[in-house]
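Novice: Would you be able to build a 3D model of this:
(one chain, ligands or ions: 4)
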Amino acid sequence: MGTHLVHRTCSLCEAHCGVAVEVDAGAARVLSVRGDPDDPMSRGYLCPKAHGLLGLQHDPDRLRRPLAREGAEWREIGWDEAFELLARRLGAIRAAHGPEAIGAYVGNPNAHDIGSALYLPALLRSLGSRRRFSASSVDQLPKMLACRAIFGGGLTIPIPDVDRTAFLLVLGANPLASNGSLLTAPDLPGRLRALRARGGKLVVVDPRRSETARIADLHLFLRPGTDALLLFALVHVLFAEGRVRLGRLEPLVRGVAELEALAKEFSPEAVAGATGVPAAAIRRLARELSDAPSAAVYGRIGTCTQEFGTLASWLVDALNALTGNLDREGGAMFPRPATGRAGGDPSPSERLPYARWRSRVRGLPEAFGELPVAALAEEIDAAGEERLRGLVTVAGNPVLSAPNGARLERALASLEFMVSVDLYLNETTRFAHLILPPTAPLERSNYDAVFTGLSVRNWAKFSPAALEPPPDSRGQWEILAEIAGRLAGAGAAAVDELVLAHLLKGAVGPGTGCPDVSEAEARAALGSVRGPERIVDLMLRAGPYGDRFRPDGAGLSLARLRAAPHGLDLGPLEPRLPGVLATASGAVELAPELLVSDVPRLRARLRELATAPAPDLVLVGRRQVRTNNSWMGNLHALAKGRERCTLLVNPVDARRLGLADGGRARVRSRVGSLEAPVAVSDEMMPGVVSLPHGFGHDAPGTRLGVARRHAGVSSNLLTDEERLDALSGNAVLNGIPVEVAPA
Ligand SMILES: Nc1nc2c(c(=O)[nH]1)N[C@H]1C(S)=C(S)[C@@H](COP(=O)(O)OP(=O)(O)OC[C@H]3O[C@@H](n4cnc5c(=O)[nH]c(N)nc54)[C@H](O)[C@@H]3O)O[C@H]1N2
Ligand SMILES: Nc1nc2c(c(=O)[nH]1)N[C@H]1C(S)=C(S)[C@@H](COP(=O)(O)OP(=O)(O)OC[C@H]3O[C@@H](n4cnc5c(=O)[nH]c(N)nc54)[C@H](O)[C@@H]3O)O[C@H]1N2
Ligand code: SF4
Ligand SMILES: [Mo]
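Specialist: Ligands and ions are numbered 1, 2, ... in the order given. This next block holds a predicted model:
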């Protein structure tokens with residue numbers, strides 16, 4: 001048997017580049033992963049992480065069989081035994097203490113797998129606990145909360161039209177390293193260069209002169225955590241200089257006068273000291289933004305994982321609206337994903353009210369059905385009958401990704417039973433009693449139903465499995481459906497049937513987009529093979545480009561996508577207002593009550609910053625091209641090379657603190673301390689130091705042979721679980737007060 005190519009997308013980050021995977025099926029090996037020049041979105045582009053797909057496939061440390069732990073000993077067990085163990089142990093906790101005694105944490109890779117997208121909700125429903133946590137609350141939760149208030153749906157997030165804009169203002173994102181987030185655009189670095197090449201302008205606001213700032217027309221240093229002040233000042237100037245232009249949106253927008261009144265006190269002069277951005281520079285930026293033929297404002301992780309994350313996220317889109325750039329070509333627009341929903345047709349859960357329940361210990365608010373992960377440790381370690389005793393983690397590594405990882409480690413070690421669905425025995429899963437490893441990404445088929453709703457163009461692509469799953473393995477969906485079934489006293493098949501039946505109800509029959517199609521007809525068309533693929537087929541066929549089950553067959557279906565192995569370009573983004581709005585008023589709410597209620601806190605902070613001296617030094621994070629959050633450090637091709645987990649320090653601070661380039665520093669915060677090698681660089685704003693996140697692979701008892709040799713330190717030993725964006729409960733991971741001294 002020879003080799004062949006399988007075309008699919010890389011699911012490792014949000015960019016979703018097209019890859020051509022060269023496979024030797026006989027030997028069950030992947031030989032190479034290359035860019036797919038015929039993929040309409042990525043046109044051959046790849047970043048170095050794509051080779052990680054190959055490394056991941058053949059990594060001897062990746063788990064292939066369930067592992068059960070007794071004391072410090074791990075033992076491989078069969079799948080049946082594993083599911084029985086899980087049902088028995090979780091069942092016992094539930095019987096003794098009720099469903100709220102078991103929590104769940106679900107991590108980032110779930111967003112990249114259709115099996116998780118479809119069956120994880122079923123698992124969480126079966127668990128029946130309100131103590132659910134996810135990586136959202138160390139990430140984009142503030143943006144979701146803001147967008148629900150403004151547009152009515154948590155995933156109704158405007159996407160900068162990078163390919164057609166004349167002016168892009170980027171705050172707290174470094175796409176040259178991250179390849180973009182809440183902005184799916186393969187080769188975003190190339191797209192930004194193209195923006196400049198066609199005469200457009202790129203402005204970056206960041207406390208670090210990042211790789212992206214280096215290719216920008218203008219970079220402004222900003223004190224961490226002060227984006228909302230800067231953005232309010234930009235709003236202020238637009239109003240003060242009569243530059244507000246709503247254009248076509250005029251009749252669709254509410255709250256303009258209220259926003260004007262709120263912005264009054266935040267003049268450029270009032271915020272200059274606190275933000276570190278001179279008043280003249282703020283005025284100039286407001287004018288350029290307003291004068292540009294088209295413009296988009298884009299804020300990402302630095303604007304979310306900070307003290308005023310929700311306010312900053314709000315003001316980003318307020319600026320898009322006030323400059324007339326919302327929902328317009330070259331501005332910030334709403335995608336139309338082929339499976340419907342995300343990006344404009346919010347599912348019921350995205351519209352849910354806020355703070356329907358609160359965490360037990362600190363009383364932190366629920367949002368989108370979840371509690372802030374900053375509260376996970378205390379929900380376990382605070383004494384009391386109601387403490388968490390069991391935990392299910394799915395594709396998450398909170399020990400390295402949530403604030404105060406050291407406290408979380410101690411808490412996890414005290415659980416009565418923990419089960420992890422994960423590929424590795426790592427910093428988090430070493431505390432589990434049972435690990436259930438799914439097949440590797442290249443052994444699963446996939447369809448991206450999340451990021452197609454957050455994409456710079458509309459597109460659809462089916463990814464077939466590149467390799468047959470090995471014998472006696474389980475795919476991600478099978479594991480999740482099986483757990484959901486066992487917890488509910490049913491089988492995986494019953495869970496699959498429930499998921500399908502639920503979606504069918506909303507997709508076909510009277511009152512749906514396919515009013516003339518009966519459930520029985522749809523079922524017959526979809527076939528009887530269980531799993532995600534027929535559900536994707538349903539979503540595509542009933543979706544906005546779908547064939548609607550019509551016999552003439554025009555429109556999308558899974559079969560159509562299978563016949564287009566490089567994917568389909570469904571065209572540039574198009575105006576979608578007012579159709580995507582789901583607010584109670586039916587309007588774009590520029591000054592919604594929930595967001596306005598947090599302005600006094602910002603006002604108080606501004607006053608404080610004007611009177612008391614700011615902390616000497618604050619810590620921010622960064623990402624690097626060859627890392628992927630906390631979990632690809634075991635792949636030699638990515639981990640090799642020079643030390644990457646360094647503390648960046650401005651030369652002025654280095655001199656003052658007695659730190660030498662290449663020397664070592666001790667960094668302390670309220671919650672912990674660590675040592676890291678120092679790199680002195682004027683890319684840092686004075687008073688700000690930067691440490692990448694996702695390192696710290698020297699924990700005992702893991703099975704990460706390569707990562708251990710490039711261990712680095714976890715920046716989340718310094719981040720503080722008490723520091724939150726008050727509205728969303730999102731953790732503050734940037735702007736942590738620290739003390740730094742030579743080690
Ligand atoms: N200080 C600081 N902390 C941060 C951030 C920061 O900027 N600074 N960023 C935050 C952000 S944006 C995020 S998204 C979070 C991420 O936080 P998490 O989602 O908790 O962590 P990841 O590092 O993505 O780890 C993913 C886990 O899933 C496993 N895994 C990978 N692929 C699969 C799969 O297909 N199936 C299964 N079952 N498991 C899989 C990996 O082995 C790993 O254990 O971290 C956050 N933490
Ligand atoms: N190579 C690689 N790519 C990734 C990931 C990865 O780990 N590695 N992770 C993926 C994930 S889960 C996500 S969420 C995305 C994130 O993608 P991005 O949002 O682009 O994240 P970062 O690259 O961390 O860039 C954040 C920037 O914010 C700056 N910053 C810190 N604090 C502040 C502040 O208060 N205000 C402002 N204005 N800026 C601030 C930092 O200096 C940094 O330059 O990347 C994704 N892509
Ligand atoms: S940018 Fe890299 S990791 Fe992200 S999808 Fe493309 S190849 Fe994969
Ligand atoms: Mo993220």
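
Novice: Up against ligand 2, what does this structure have?
Specialist: For the chain, the contact set with ligand 2 under C-beta under 6 Å from any ligand atom comprises 13-14, 108, 139, 171-175, 177-179, 181, 205-208, 210, 222, 224-225, 227, 300-303, 306, 620-625, 627-629, 690, 694, 734-735. Placement of C-beta: from N, CA and C, glycine included.

Novice: Could you turn the buried ones of those residues into a ChimeraX selection?
Specialist: Filtering the residues of the chain next to ligand 2 down to the buried ones (16 or more other C-beta atoms under 10 Å) takes a single ChimeraX command:
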select :13,14,108,139,171,172,173,174,175,177,178,179,181,205,206,207,208,210,222,224,225,227,300,301,302,303,306,620,621,622,623,625,627,628,629,690,694,734,735
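
Novice: Could you list which of the residues of the chain next to ligand 2 also contact ligand 1?
Specialist: Of the residues in the residues of the chain next to ligand 2, proximity to ligand 1 by C-beta under 6 Å from any ligand atom holds for Asn108, Asp139, Ile301, Gly621, Asn629, Gly694.

Novice: from those residues, which ones fall inside strands?
Specialist: Using DSSP state E, the subset of these located in strands is empty.

Novice: Which pair of these spans the longest distance?
Specialist: Pairwise distances among those were taken by C-beta to C-beta; the largest, 14.9 Å, belongs to Asn108 and Gly621.

Novice: Now Gly18. Nearest residue, chain neighbours left out?
Specialist: Leaving aside its sequence neighbours, Gly18 sits nearest to Asp39 (C-beta to C-beta, 6 or more residues apart in numbering; 2.4 Å).

Novice: What about the one you found, how many residues nearby?
Specialist: Residues within reach of Asp39, counting by other C-beta atoms under 10 Å, total 26.

Novice: isn't it right up against His16?
Specialist: No. Asp39 is not in contact with His16 according to C-beta atoms under 8 Å; the separation is 9.2 Å.

Novice: Overlap of the contact sets of the two?
Specialist: Residues touching both Asp39 and His16 (C-beta atoms under 8 Å, 6 or more residues apart in numbering): Thr9, Pro186, Lys461.

Novice: Scan the residues you listed and report the most crowded one.
Specialist: Counting neighbours by other C-beta under 10 Å, Pro186 leads the shared contacts of Asp39 and His16 with 30 neighbours.

Novice: so where's the stretch 301-450 of the chain uncertain?
Specialist: Scanning the stretch 301-450 of the chain for pLDDT under 70 picks out 341-352.

Novice: Spell out which parts of this structure neighbour ligand 1.
Specialist: Counting by C-beta under 6 Å from any ligand atom, the chain sits next to ligand 1 at 107-109, 113, 135, 138-139, 301, 305, 394-398, 401, 421-424, 426, 438, 441, 476, 621, 629-631, 693-694, 715-716, 719, 733.

Novice: SS state for Glu521?
Specialist: helix (DSSP: H, G, I helix; E, B strand; the rest coil).

Novice: Around it, how many other residues sit close by?
Specialist: Burial measure for Glu521: 14 neighbouring residues, criterion other C-beta under 10 Å.

Novice: Give me the pLDDT for it.
Specialist: For Glu521, the model assigns a pLDDT of 97.

Novice: Distance of the closest residue in space to it that isn't next to it in sequence relative to Asp206?
Specialist: Closest residue in space to Glu521, ignoring its immediate chain neighbours: Phe549 at 6.5 Å, by C-beta to C-beta, 6+ apart. According to C-beta to C-beta, to the nearest Å, Phe549 stands 49 Å off from Asp206.

Novice: Same question for Ala374.
Specialist: 24 Å.

Novice: Gly154 too?
Specialist: Per C-beta to C-beta, Gly154 is found 26 Å from Asp206.

Novice: quick revisit: ok, the shared contacts of Asp39 and His16 vs Gly641, which is closest?
Specialist: The closest of these, once distances to Gly641 are taken by C-beta to C-beta, is Pro186, at 24.3 Å.

Novice: Nearest residue to the closest one in space, please, no chain neighbours.
Specialist: For Pro186, the nearest residue in space outside its immediate sequence neighbours is Ser42; the separation is 3.4 Å by C-beta to C-beta, 6+ apart.

Novice: That neighbour contacts Ala15, correct?
Specialist: Yes. The pair Ser42 and Ala15 passes the contact test of C-beta under 8 Å, sitting 7.3 Å apart.

Novice: who's more crowded, these two?
Specialist: Ala15 (28 against 25).

Novice: shouldn't the more buried one be in contact with Asn179?
Specialist: Yes. Taking C-beta under 8 Å as the definition, Ala15 is a contact partner of Asn179 at 4.3 Å.

Novice: Where does the stretch 251-400 of the chain get nearest to ligand 2, residue-wise?
Specialist: Using C-beta to the nearest ligand atom, the closest approach of the stretch 251-400 of the chain to ligand 2 is made by Gly302 at 2.4 Å.

Novice: Which members of the ones next to ligand 1 among the residues of the chain next to ligand 2 occur in helices, if any?
Specialist: Cross-referencing those against helices under DSSP state H gives Ile301.

Novice: Tell me the one among the ones next to ligand 1 among the residues of the chain next to ligand 2 nearest to Asp448.
Specialist: Closest approach between these and Asp448, by C-beta to C-beta: Asn108, at 14.1 Å.

Novice: Quickly note the distance from that closest one to Asn397.
Specialist: 9 Å.

Novice: nearest spatial neighbour of Glu675, skipping sequence neighbours?
Specialist: Glu675's closest residue in space is Ala743 (C-beta to C-beta, 6+ apart), at 4.8 Å.

Novice: Just give the number of residues close to that neighbour.
Specialist: Ala743 is flanked by 14 other residues according to other C-beta under 10 Å.

Novice: Lowest-scoring secondary structure element of the chain by mean pLDDT?
Specialist: Averaged element by element with mean pLDDT, DSSP states H and E, the chain has its least confident helix or strand at helix 348-351 (a mean of 61).

Novice: Which residues does the next helix-or-strand element following that helix contact?
Specialist: Following helix 348-351 in sequence order, the next helix or strand is helix 376-381 (DSSP states H and E). Applying C-beta under 8 Å, 6+ apart, the external contacts of helix 376-381 come out as 103, 105, 131, 133, 359-362, 371, 387-388, 391, 398, 402, 404, 407-408, 410-412, 414-415, 721.

Novice: ok so, going back, sort out for me which of the residues of the chain next to ligand 2 are in strands.
Specialist: Those of the residues of the chain next to ligand 2 lying in strands (DSSP E): Leu171, Val205, Val620, Ser690.

Novice: ok, which residues in this structure are in contact with ligand 3?
Specialist: Cys10, Leu12, Cys13, Ala15, His16, Cys17, Leu46, Cys47, Lys49, Ala50, Asn179, Pro186.

Novice: gap between the last one and Leu674?
Specialist: Right, the one you point to is Pro186. Distance, Pro186 to Leu674, by C-beta to C-beta: 35 Å.

Novice: check contacts around whichever residue of the stretch 201-350 of the chain sits closest to ligand 1.
Specialist: Residue nearest to ligand 1 within the stretch 201-350 of the chain (C-beta to the nearest ligand atom): Ile301, separated by 5.3 Å. Contact analysis of Ile301 by C-beta under 8 Å, 6+ apart lists Asp139, Gly172, Ala173, Ser178, Ser181, Gly621, Asn734.

Novice: Distance to Gly199 and pLDDT for these - can I get that in a markdown table?
Specialist: A markdown table is the format used below for the contacts of Ile301 (distance: C-beta to C-beta, whole Å; pLDDT from 0 to 100):
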| residue | distance to Gly199 | pLDDT |
| --- | --- | --- |
| Asp139 | 34 | 98 |
| Gly172 | 26 | 98 |
| Ala173 | 22 | 98 |
| Ser178 | 26 | 98 |
| Ser181 | 26 | 98 |
| Gly621 | 33 | 98 |
| Asn734 | 33 | 98 |
